[in-house]
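Participant: Sequence first, then the predicted structure, then my questions.
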Amino acid sequence: MKVLGIETSCDDTAAAVYDSAGGLRGHRQASQLDSHRPFGGVVPELAARDHVRLLMPLVQQVLADTDLKVDDLDGVAYTSGPGLAGALFVGAALGRSLAWSLDIPAAGIHHMEGHLLAPMLEADPPEFPFLALLVSGGHTMLVDVRAVGRYQLLGSTLDDAVGEAFDKIAKLLGLDYPGGPAVAAAAISGRPGQFHFPRPMTDRPGLDFSFSGLKTFARNTAAQCELNPQAIADIALAFQDAAVDTLVIKCTRAMQTSGRARLVVAGGVGANQVLRERLSMMADEQGYRVYYPRPEFCTDNAAMIAYAGWIRLMRGQHNDRDFSVRPRWSLTDLAPVD
């Protein structure tokens, strides 16, 4: 079964093909960074317009890359939520209309299900069950994954996602967008111990997160400093250390209480090298394994959507001919595939 995947949930336009026989056949992605960088964040209307402009050429390119014609497709998977409503509608409209014209099934895929299944595209994928830390600009959550569609939310952010916090701190410090890589790059020159930021909600039971207070602490610290390059690097380092430590502490707690032997880390913040290093150290100490998708599949991509769609379409789960999007959509609302 050959499935075309389409991803337009935010500011990345992407298309990919997953094949039962050959696995991931090809994927293409177009960044919108140049459109949004002047604003220091994603502008929903601009994102939707860029998807309209970019998506169909990307689909044509990925089909050409894989030596396929549109008639060779057996199914279409598109991100139907969560995300920006206008952006989601672009991908859903194209995906559903393409499937309709070809008389093949289509499946609307949960964006975060795509992320937690992204490591399945690697040469050494994790086995079920496992815990998943999903960390991005829009989400921060710990999920117990028993099988595809069988998810239990163990903890999530009560306010800001950790990726959003990185973006806001980067803007505060006058760094580039997106904020995650910019803060990480600045932190390399930071002096350890110059500032100490709190590790929010690690001194109480539970697995929920909160990053708004950490942002406020960083803002107050910056207001008391002359923001020269060294001070910017010191604040970036202190913030990154606090955010990463918070994630690692919560993951350690979750792994100990759940008894799971495998941890999956996905989403854009999962590409942060300091987070990867500290989680690997923790895993070695505690005796479990950590799995990541390759860096290009940590950020939004269509390969994960094509794969998730392939799983559900192979089991007969598909949408009716009408379509809708769900900007807010709980992962636990999904139906199991077994």
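Facilitator: Here it is on my side, so go on.
Participant: Nearest spatial neighbour of G267, chain-adjacent residues omitted?
Facilitator: Here the nearest residue to G267 in space, its sequence neighbours aside, is S136; by CB to CB, 6 or more residues apart in numbering that works out to 3.6 Å. The way it works is simple: take the backbone N, C-alpha and C, and place the C-beta from them, glycine included.
Participant: can you pull out the helices in the stretch 151-300 of the chain?
Facilitator: Counting by DSSP state H, counting those that start in this stretch, the stretch 151-300 of the chain forms helices over residues 162-172, 179-187, 212-223, 229-258, 273-286, given from the N-terminal end onward.
Participant: closest one to V3 among the ones you listed?
Facilitator: The minimum distance between V3 and the helices of the stretch 151-300 of the chain falls on helix 162-172, with 27.8 Å, by CB to CB.
Participant: Tell me the gap between that closest one and the middle of its chain.
Facilitator: Averaging C-alpha positions (CA atoms, centre = their mean, to the nearest Å) puts helix 162-172 16 Å from its chain's average.
Participant: for stretch 165-182, same thing?
Facilitator: Taking CA atoms, centre = their mean, the mean C-alpha location of stretch 165-182 is offset from the chain mean by 17 Å.
Participant: which helices and strands sit right next to the worst-scoring helix or strand of the chain on mean pLDDT?
Facilitator: Every helix and strand in the chain was compared by mean pLDDT, DSSP states H and E; the lowest is helix 33-36, with a mean of 90. With contacts defined as 3 or more CB pairs under 8 Å, 6 or more residues apart in numbering; DSSP states H and E, the packing partners of helix 33-36 are helix 44-65.
Participant: Quick one: name whatever helix or strand follows the helix it packs on.
Facilitator: Moving toward the C-terminus from helix 44-65, the first helix or strand encountered (DSSP states H and E) is strand 75-81.
Participant: Check the burial of F89 by counting its neighbours.
Facilitator: 20 (other CB atoms under 10 Å).
Participant: Report the inter-axis angle for the helix or strand where G86 lies versus strand 75-81.
Facilitator: When elements are assigned from DSSP H and E, G86 belongs to helix 85-102. Relative orientation of helix 85-102 with respect to strand 75-81: 160 degrees, computed using axes from the mean of the first three to the mean of the last three CA atoms, to 10 degrees.
Participant: Restricting to C-alpha, output helix 85-102 in PDB.
Facilitator: The C-alpha coordinates for helix 85-102 follow below in PDB (Å, rounded to 0.1, in the frame of the first residue of the first chain):
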ATOM      1  CA  ALA A  85      -7.100  26.000  11.700                       C
ATOM      2  CA  GLY A  86      -6.300  27.800   8.500                       C
ATOM      3  CA  ALA A  87      -3.100  25.800   7.900                       C
ATOM      4  CA  LEU A  88      -4.800  22.500   8.700                       C
ATOM      5  CA  PHE A  89      -7.600  23.200   6.200                       C
ATOM      6  CA  VAL A  90      -5.100  23.600   3.300                       C
ATOM      7  CA  GLY A  91      -3.700  20.200   3.800                       C
ATOM      8  CA  ALA A  92      -7.000  18.500   4.600                       C
ATOM      9  CA  ALA A  93      -8.700  20.100   1.600                       C
ATOM     10  CA  LEU A  94      -6.000  19.000  -0.800                       C
ATOM     11  CA  GLY A  95      -5.600  15.500   0.700                       C
ATOM     12  CA  ARG A  96      -9.300  14.700   0.800                       C
ATOM     13  CA  SER A  97     -10.000  16.100  -2.600                       C
ATOM     14  CA  LEU A  98      -7.100  14.200  -4.100                       C
ATOM     15  CA  ALA A  99      -8.300  10.900  -2.500                       C
ATOM     16  CA  TRP A 100     -11.800  11.600  -3.700                       C
ATOM     17  CA  SER A 101     -10.700  12.200  -7.300                       C
ATOM     18  CA  LEU A 102      -8.700   8.900  -7.200                       C
END
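Participant: Next SSE downstream of that helix?
Facilitator: Beyond helix 85-102 toward the C-terminal end (DSSP H and E), the next one is strand 106-110.
Participant: I'd like to check what contacts that next one. Which residues are they?
Facilitator: Contact partners of strand 106-110, identified using CB atoms under 8 Å, 6 or more residues apart in numbering, comprise 5, 75-82, 92, 95-96, 98-100, 305, 308-309, 312-313, 317-319, 323-325, 329, 331, 334.
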